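Peer 1: Take this sequence and fold it.
(4 chains)
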2 protein chains.
Amino acid sequence: MTMSNTGGRRKPPTIHDVAREAGVSRGTVSRVLNGGHYVSPAAQEAVNAAIRKTGYVVNRHARSLITGRSDSIGFLLTEPQERFFEDPNFNVLLSSCTQALAAHDIPLLLMLAGTKDERRRITRYITAGHVDGVLLVSSHSGDPVAEELREAGVPLVQCGKPMGPGAKVSYVAADDRDGARDMVRHLLSLGRRRIAMVSGPLDTPGGVDRLAGYKEVLTDAGIPVDERLIVSGDYSRASGEAGAEQLLAQAPDLDAVFVASDLMAQGALAALARAGRRVPEDVSVGGFDDSVAALEATPALTTIRQPYDRISAEMVRVLLAQINGEDPMAVILPTELVKRDST
Amino acid sequence: MTMSNTGGRRKPPTIHDVAREAGVSRGTVSRVLNGGHYVSPAAQEAVNAAIRKTGYVVNRHARSLITGRSDSIGFLLTEPQERFFEDPNFNVLLSSCTQALAAHDIPLLLMLAGTKDERRRITRYITAGHVDGVLLVSSHSGDPVAEELREAGVPLVQCGKPMGPGAKVSYVAADDRDGARDMVRHLLSLGRRRIAMVSGPLDTPGGVDRLAGYKEVLTDAGIPVDERLIVSGDYSRASGEAGAEQLLAQAPDLDAVFVASDLMAQGALAALARAGRRVPEDVSVGGFDDSVAALEATPALTTIRQPYDRISAEMVRVLLAQINGEDPMAVILPTELVKRDST
DNA sequence: CATGCGTCTGTGAGCGTTCACAGTAGAGAA
DNA sequence: TTCTCTACTGTGAACGCTCACAGACGCATG
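Peer 2: Just a heads-up that it's a prediction; the model follows:
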């Protein structure tokens, strides 16, 4: 009669059981577990066999207790809920960070800090050392949370360039300025001359840089920058819609709109459609991000691809390096123009 | 001269430091930490003061090592990446589960199991006891992961009704059938008689129940069910678009479409617009979920609200109960008709 | 007065690891 | 030989907490 295994959780094997099974000491098993240096091939193999046989899995709590590391990292989003619900970019980032961490066998703790209370609770949680480091995503920069964590000495990597000039904080970002340049050059190459822009928030470097790229290319082409052709939004769909409406009122003769995010571009497309402007016949529309919103849009958006998977991979790499004592660093990744039907 | 605290992580206070500060023993501090039973008010207060003074935060690893609990739970999503990127419902669920858990001071580990490899890795991680329980979200039911976890005795709560009949697995779901009934009754009340349906996948109870509600109300109203008015999708936007196209081809005289998710309804609206059908003048369109997709749609969608925040709260409640040894249970929550501009 | 009971408190043990250290064996150099 | 060096292995001591137990105290009960 064998007892059914179903339903009950029996006591899992420990490193001791593995050691006994393999005929070696705990220390040797531990060494195998942690890289296998200074272990004879014979012992190595015996231990691995014992691990397989017993089904041993390391007890992370015991390990963490002694190492002082939690072997987990936090993914911190300091955005209001609605933005998280609306913008697929967060999901892409979250998903690829999760996967990048999974490759290192590190779990990701999701931390949503939309409100002040949550921010306080989460800051305390993090500074208490419950995670080894933090991947921070926030569009509004100069984030007080970032500053607080940095002061507490918590390894931190930000997605997107932070506001302060000399702040020694790691970040990974796409080359916003260059991406914007590519898009505006593309619009120029189509013969567009009255190119408007719905920029991102101008209290963020990302928003500033994209606008700067836009102005730079126009100026280089000998086209004066017309302030009536420029409005700014907050990356939400609604703000893109409102922005486009405002542009149509201020500058009805526009023949192109460069919108600083795909989600805002969706809104802009809706506003243009309502105004009876055909895209791309009457007006070319360019987005930024290459999120799923770009493909869902009608017509499909020409946009600037941010290499989200590379961004995530770099964020994780930089964070892990920093946890291992390396200095903060900045990584800028190239973007790519993706031509679709809206230009 | 005080040393700057910046940058360095100093050794945090332990329960020992608190005990010394408060003039009591470790045991007493521990009792205060865990509910304060069998502690005199005086000691209680002394300990709390000492905790505040020292800035003590419990070391979760040490606690977990002895209790055997990890005090963390996993949020498992067994959907392909693209679905996660596209469908805002996942974010709503994820966000509110995170918050519900935060109220219990329990971190949420995000587990994305889109591929077979990931599923295997994550299953091993979970069965190794690294989380105390799992919140499972998957639209395609009869999920092998769920079965495996259940057999391993891992506390588990599923979002949405699972497939098998007698499986003793906890779940929380909205009343799909009743929601569908409400919507179809609403469409009937508007005078619609050729009501089509784009159902969800028919290998899931949710998909089946919504279709059943639709058929039930029609039959009760004396309207024969016309199979040409029924197609099914997979909850993706694209499948809603394709579904509506197919319906228009099969039954051009339809005067309403009940679509089993808002995202699919978005697609359906696009297809109807392309076919020159005005919504709601020519065709009434009803969605399901009340996700942000419903508000983004043009026109704004009449839909059936799923109470996501209550669903999440219940999932967490049921899961925690199960972790504490209670039996699996099912919770069905009521839905609500939300009238907007598409009907 | 003795006994019991409920409330409160301190103490030692132990959770499963890693780490530092000591020790062994064998190879090569003096 | 003898000494040193390297490669490898085992052992005890932590890590910070909870749990079981034992003991102390006050109060009511026999």
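Peer 1: Ramachandran angles for the closest residue to A:Ile195 other than its chain neighbours?
Peer 2: For A:Ile195, ignoring the flanking residues on the chain, the nearest one in space by C-beta to C-beta, 6 or more residues apart in numbering or on different chains is A:Ala256 at 4.3 Å. For glycine as for every other residue, the C-beta is placed from the backbone atoms N, C-alpha and C. When read as degrees, to the nearest 10, the backbone of A:Ala256 gives phi -160, psi 150.
Peer 1: Who does A:Ala256 form a beta bridge with?
Peer 2: Listed beta-bridge partners, A:Ala256: A:Ile195, A:Ser284 (assigned using DSSP bridges).
Peer 1: For it, give me its contacts.
Peer 2: Going by C-beta atoms under 8 Å, 6 or more residues apart in numbering or on different chains, A:Ala256 touches A:Leu187, A:Leu190, A:Arg192, A:Arg194, A:Ile195, A:Ala196, A:Val283, A:Ser284, A:Val285, A:Gly286, A:Thr343.
Peer 1: Burial check on the closest residue to DNA strand C within the stretch 201-343 of chain A, number of neighbours?
Peer 2: DNA strand C sits closest to A:Asn324 of the stretch 201-343 of chain A, with a gap of 12.4 Å, by C-beta to the nearest atom of the strand. Residues lying near A:Asn324 (other C-beta atoms under 10 Å in any protein chain shown) number 9.
Peer 1: With A:Gly222 instead?
Peer 2: Neighbour tally, A:Gly222, other C-beta under 10 Å: 6.
Peer 1: Quick check: the gap between it and B:Val39.
Peer 2: Going from A:Gly222 to B:Val39 by C-beta to C-beta, to the nearest Å gives 79 Å.
Peer 1: same deal with A:Ser70?
Peer 2: 29 Å.
Peer 1: what's the answer for A:Ala212, then?
Peer 2: 62 Å.
Peer 1: Same question for A:Tyr125.
Peer 2: 25 Å.
Peer 1: residues contacting A:Leu65?
Peer 2: So A:Leu65 contacts B:Asn59, B:His61, B:Ala62, B:Leu65 (C-beta under 8 Å, 6+ apart).
Peer 1: excluding its backbone neighbours, what's nearest A:Arg277?
Peer 2: A:Val283 (4.9 Å).
Peer 1: quick one: the one you found and A:Ala275 touch, right?
Peer 2: No - using C-beta atoms under 8 Å, A:Val283 is not in contact with A:Ala275, being 9.2 Å away.
Peer 1: which residues make contact with the helix or strand hosting A:Glu216 from outside it?
Peer 2: Taking DSSP states H and E as the definition, A:Glu216 sits inside helix A:205-220. For helix A:205-220, contacts defined as C-beta under 8 Å, 6+ apart pick out A:139, A:141, A:160-163, A:173, A:176-181, A:183-185, A:188, A:195, A:197, A:199-202, A:224-225, A:230, A:232, A:258, A:260, A:288.
Peer 1: now it, how far from the centre of its chain.
Peer 2: How far helix A:205-220 lies from its chain's middle: 22 Å, per C-alpha atoms, centre = their mean, to the nearest Å.
Peer 1: Name the residues of it that come out as buried.
Peer 2: The neighbour-count check on helix A:205-220 (16 or more other C-beta atoms under 10 Å in any protein chain shown) flags A:205-215, A:217-218 as buried.
Peer 1: Just the closest of those to DNA strand D, please.
Peer 2: Looking across the buried residues of helix A:205-220 and measuring by C-beta to the nearest atom of the strand, the closest to DNA strand D is A:Pro205, at 39.6 Å.
Peer 1: so what's A:Ala275 closest to, chain neighbours aside?
Peer 2: A:Leu248 (5.4 Å).
Peer 1: A:Asp253 versus A:Lys184, what's the distance?
Peer 2: Let me fix one detail, which is that residue A:184 is Val and not Lys. 18 Å.
Peer 1: quick revisit: how about JSON lines for the contacts of A:Ala256, with distance to A:Glu241 and neighbour count added?
Peer 2: Shown next, in JSON lines, are these (distance: C-beta to C-beta, whole Å; neighbours: other C-beta atoms under 10 Å in any protein chain shown):
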{"residue": "A:Leu187", "distance to A:Glu241": "20", "neighbour count": "24"}
{"residue": "A:Leu190", "distance to A:Glu241": "24", "neighbour count": "15"}
{"residue": "A:Arg192", "distance to A:Glu241": "21", "neighbour count": "22"}
{"residue": "A:Arg194", "distance to A:Glu241": "20", "neighbour count": "15"}
{"residue": "A:Ile195", "distance to A:Glu241": "19", "neighbour count": "25"}
{"residue": "A:Ala196", "distance to A:Glu241": "14", "neighbour count": "28"}
{"residue": "A:Val283", "distance to A:Glu241": "14", "neighbour count": "25"}
{"residue": "A:Ser284", "distance to A:Glu241": "18", "neighbour count": "21"}
{"residue": "A:Val285", "distance to A:Glu241": "12", "neighbour count": "28"}
{"residue": "A:Gly286", "distance to A:Glu241": "16", "neighbour count": "33"}
{"residue": "A:Thr343", "distance to A:Glu241": "19", "neighbour count": "24"}
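Peer 1: so which of the contacts of A:Leu65 are also by DNA strand D?
Peer 2: The subset of the contacts of A:Leu65 within reach of DNA strand D, by C-beta under 7 Å from any atom of the strand, is B:Asn59, B:Ala62, B:Leu65.
Peer 1: and the first one, how many neighbours does it have?
Peer 2: So the one you mean is B:Asn59. For B:Asn59, the neighbour count with other C-beta under 10 Å is 20.
Peer 1: repeat for the second one
Peer 2: B:Ala62 is flanked by 16 other residues according to other C-beta under 10 Å.
Peer 1: Against B:Arg177, how distant is it?
Peer 2: For B:Ala62 relative to B:Arg177 (C-beta to C-beta), the value is 49 Å.
Peer 1: How many residues are close by the closest residue in space to A:Gln81 that isn't next to it in sequence?
Peer 2: Of all residues not flanking A:Gln81 in the chain, A:Gly114 sits nearest, at 4.9 Å (C-beta to C-beta, 6+ apart). As a burial measure, A:Gly114 scores 17 neighbours (other C-beta under 10 Å).
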